[in-house]
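Enquirer: Below are the sequence and a predicted model; questions follow.
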Amino acid sequence: MHRGYVWDVVADDVDLGDGVVVTREVIDHPGAVAVVALDDEGRVLLLKQYRHPVRSELWEPPAGLLDVAGEDACLAAQRELFEEADLRAARWDVLVDYYTTPGGSNEALRVFLARELTVVPEAERHVREDEERDMVPVWVPVEDAVEGVLAGRLHNPSTVVGVLAVQAALAADLTTLRPADAPWPQRRPGPPPGTRSIG
C-alpha cells in the first residue's frame, strides 16, 4: 500500500479458519534496539528527543533502527550508545524483548543492558544531526525513573519497558539477564506480505 523511507504499510489477507478471511493493514517495520545504560551509581541514562508523530519531546534510552541488513543486534546497540550518548560499554546483556505495537506493526525491539561504561573522547565522537542534534542527556537513579514511569511522566515505550525491566533484574541480582547474543526469533525479516494463516 505504501513504501516509506523507514517502513512500509502492507495489506494482508489473514485466514482465520472456517472460511473467514479478513484484510489487515500492517506497518512492516525492520525492528530496533534500545540501550539501558546503567552506571556504577545505579543510574540510567535518558535522552530528551523530539518525536514528531506525538509532537512531543520524550525521555528515552539510546535507541535505533535495525535497518542494516543482517547487522548483529548487539553491534547496532553499541553503535547507538556511541553515537547518541558518547559512551562505550564493556559489559552487554539482553534485558528484555518486546513488540512495540502488535495491533498494527510487526516491530520487534530488543533492549540491552550496558554496564562498565566509559566516555568516548571528544575527538572521537559522532556528529549528531536532525532530531538527534539537540538531545539532552540526564542520569536518573533507577528508583526515580521507575517512579517517573508509574506517575505517568515517562511515555516512551523503551523507557517504560526498559526501566521496569532493569528494576526487576536488579531485584533478582541480575540473574534474569540473557547473553548479548541470545536467540531472538521475533526479529524481522518476517514472512512476506500476503495471505497468512493463524494457528
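Expert: Now that the structure is in, tell me what you want to look at. Residues are numbered from 1 along each chain as shown.

Enquirer: Can you show me the strands along this protein?
Expert: With strands called from DSSP state E, the chain shows them at 2-3, 8-17, 20-28, 32-37, 43-51, 56-60, 63-65, 87-99, 108-119, 136-141, 178-179, 196-197.

Enquirer: winner for burial among these?
Expert: Here the criterion is mean neighbour count by mean count of other CB atoms under 10 Å, and of these the winner is strand 32-37, at a mean of 26. The way it works is simple: take the backbone N, C-alpha and C, and place the C-beta from them, glycine included.

Enquirer: thinking again about what came up before, mind giving me TSV with the strands of the chain and columns for mean pLDDT and distance to residue 156?
Expert: Output for the strands of the chain, formatted as TSV (pLDDT from 0 to 100; distance: least, CB to CB, whole Å):
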stretch	mean pLDDT	distance to residue 156
strand 2-3	85	25
strand 8-17	89	23
strand 20-28	89	18
strand 32-37	98	9
strand 43-51	94	8
strand 56-60	94	4
strand 63-65	94	9
strand 87-99	98	13
strand 108-119	97	11
strand 136-141	94	13
strand 178-179	98	22
strand 196-197	39	30
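
Enquirer: between the ones you listed, which one is nearest to residue 187?
Expert: Judged by CB to CB, the one of those that comes nearest to residue 187 is strand 108-119, at 5.2 Å.

Enquirer: tilt between that closest one and strand 32-37?
Expert: Strand 108-119 and strand 32-37 meet at an angle of 40 degrees, taking axes from the mean of the first three to the mean of the last three CA atoms, to 10 degrees as the criterion.

Enquirer: re earlier: pipe the strands of the chain into CSV and attach distance to residue 164 per row.
Expert: Below are these laid out as CSV (distance: least, CB to CB, whole Å):
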stretch, distance to residue 164
strand 2-3, 34
strand 8-17, 30
strand 20-28, 25
strand 32-37, 10
strand 43-51, 11
strand 56-60, 14
strand 63-65, 16
strand 87-99, 9
strand 108-119, 10
strand 136-141, 14
strand 178-179, 17
strand 196-197, 31
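
Enquirer: Which among those is found nearest to residue 76?
Expert: When the strands of the chain are ranked by proximity to residue 76, the top entry is strand 32-37, at 5.0 Å, counting by CB to CB.

Enquirer: now the closest one and strand 56-60, what's the angle there?
Expert: Going by the same axes, to 10 degrees, strand 32-37 makes 60 degrees with strand 56-60.

Enquirer: Without its sequence neighbours, what residue ends up closest to residue 109?
Expert: Once its chain neighbours are removed from consideration, residue 109 has its nearest residue in residue 32; the separation is 4.9 Å (CB to CB, 6 or more residues apart in numbering).

Enquirer: Enumerate every residue touching that neighbour.
Expert: Residue 32 is in contact with 63-66, 100, 107-110, counting by CB atoms under 8 Å, 6 or more residues apart in numbering.

Enquirer: for the residues you listed, which one is nearest residue 2?
Expert: In terms of CB to CB, no member of the contacts of residue 32 lies closer to residue 2 than residue 107, at 15.8 Å.
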